[in-house]
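Novice: Structure of the sequence below:
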Amino acid sequence: MTDSLRALLALCPPPAAPRRPVGSGEAATRYAVPDSHRELVDAYGVGCFDEFLWIYGAGAENPYLDIAAATDSMGSLLRDKEIPAIRKILRPYGLAPEQLVQWGGTDNGDSLFWLPAGPPDVWPTLIIEAGQLDSVLVERDSTGLVLDLLTGALRVRIFPYDFPSEQPDFSSNPYA
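Specialist: As a prediction, the model looks like this:
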């Protein structure tokens, strides 16, 4: 277990019965998933931090929370977009927008993507605002990024001013 996951578990306890993906899923064979993210999903399951930040998993029953389904859907959308600022960020990594791997999203429609270049456990995350209007590159794994967002150590200009709350929580289904 990473230090980031230990700290996240202390800050925001996981559900007693996490909604974990039920199988290896297509992502396990089509898309690599960093070990740190597998540990995050093993601890929490797929779902939502602080009623805003959604975490996806490989093989999730809900296609909106499945890494492969989300990645395929967003890849199709990003492939034909001009998005020069995003393409400029990706150029040093030798990546095209359709090669990004989506591991999360927000209630506002923002997307969190790994830049799959190099070993998976060092992939940075690109947060892209809904409509591809703005983006932020973060050199942290998904668990560290979630921790930094929930503690306020990382503030992202495209996220609402009231995120995170003073006592962040996690829910497999926050709107039930």
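
Novice: In contact with D42: list those residues for me.
Specialist: By Cβ atoms under 8 Å, 6 or more residues apart in numbering, D42 lies in contact with 18, 20. (Glycine included, C-beta is placed from N, CA and C.)

Novice: okay, it: pLDDT?
Specialist: pLDDT recorded at D42 is 93.

Novice: Check the spacing between it and Y56 real quick.
Specialist: Distance, D42 to Y56, by Cβ to Cβ, to the nearest Å: 14 Å.

Novice: How about V146?
Specialist: 12 Å.

Novice: before we move on, what about L9?
Specialist: Distance from L9 to Y56, by Cβ to Cβ: 19 Å.

Novice: And the two? Which one has more around it.
Specialist: Using other Cβ atoms under 10 Å as the criterion, L9 and Y56 rank with Y56 on top: 28 against 15.

Novice: so the more buried one touches A68, yeah?
Specialist: No - between Y56 and A68 there is no contact under Cβ atoms under 8 Å: 9.2 Å.

Novice: so what's the residue most central in space within the chain bridging to?
Specialist: Nearest to the mean C-alpha position of the chain, by Cα atoms, centre = their mean, lies G104 at 2.9 Å. Note on G104: beta-bridge partners by DSSP bridges are I55, L112.

Novice: Was I right to think it contacts F49?
Specialist: No - counting by Cβ under 8 Å, G104 sits too far from F49 to count as a contact (9.1 Å).

Novice: Next, show the common contact partners of the two.
Specialist: I55.

Novice: The helix or strand harbouring L137 pairs with which strands?
Specialist: Element membership for L137 (DSSP states H and E) is strand 135-138. Partner strands and pairing direction for strand 135-138 (DSSP bridges) are strand 125-128 (antiparallel).

Novice: The lowest-mean-pLDDT helix or strand in the chain: what's the following helix or strand?
Specialist: Ranked by mean pLDDT, DSSP states H and E, the weakest helix or strand in the chain is helix 27-30, scoring a mean of 56. Moving toward the C-terminus from helix 27-30, the next helix or strand (DSSP H and E) is helix 35-44.

Novice: Tell me where the chain has helices.
Specialist: Here the chain has its helices, by DSSP state H, at 3-11, 27-30, 35-44, 67-79, 84-90, 142-151.

Novice: can you tell me which of the ones you listed the model trusts least?
Specialist: helix 27-30 (a mean of 56).

Novice: rewinding a little: pull the strand holding L137 out as PDB, backbone CA atoms only.
Specialist: What follows is strand 135-138, C-alpha atoms only, in PDB (Å, rounded to 0.1, in the frame of the first residue of the first chain):
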ATOM      1  CA  SER A 135      -6.500  21.600 -19.200                       C
ATOM      2  CA  VAL A 136      -4.000  20.900 -16.400                       C
ATOM      3  CA  LEU A 137      -1.100  18.400 -16.400                       C
ATOM      4  CA  VAL A 138      -0.400  16.900 -13.000                       C
END
